[in-house]
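Enquirer: Quick one, fold the following:
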Amino acid sequence: GRLRALVRDYHERGFQVAIHAVGDVAIEQVLDAYENALGGAAEPGRRHRIEHATFATEAQTGRMARLGIE
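Expert: Residues are numbered from 1 along each chain as shown. This is a model prediction of the structure:
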């Protein structure tokens with residue numbers, strides 16, 4: 001949806017994106033948008049962030065590590 005489109009647009013323009021997300025559902029939406037923009041793999045030198053990733057699941061922290069998300 002809209003979040004994916006916005007993240008992809010800023011990613012393609014070379015920005016490091018930081019999104020505030022609290023709760024596993026919000027974190028999942030942000031991770032989906034980042035994964036979509038990154039093509040499923042971390043990109044050296046560019047680390048998108050999730051601010052206040054409170055209540056992230058173990059699976060989500062694993063995705064964050066794999067994608068290089070801080």
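Enquirer: quick one, phi/psi of the nearest residue to V22 once chain neighbours are set aside?
Expert: Of all residues not flanking V22 in the chain, T54 sits nearest, at 4.7 Å (C-beta to C-beta, 6 or more residues apart in numbering). Using the backbone N, CA and C atoms, a C-beta is placed for each residue, glycine as well. Here is the backbone geometry of T54 (degrees, to the nearest 10): phi -70, psi 140.
Enquirer: hang on, isn't T54 packed against G23?
Expert: Yes. At 7.1 Å, T54 and G23 qualify as touching, with contact defined as C-beta atoms under 8 Å.
Enquirer: Over to A56. Which of the three states is it?
Expert: Three-state call for A56 (DSSP: H, G, I helix; E, B strand; the rest coil): coil.
Enquirer: residues near the residue nearest to V22, how many?
Expert: The number of residues packed near T54 is 12, by other C-beta atoms under 10 Å.
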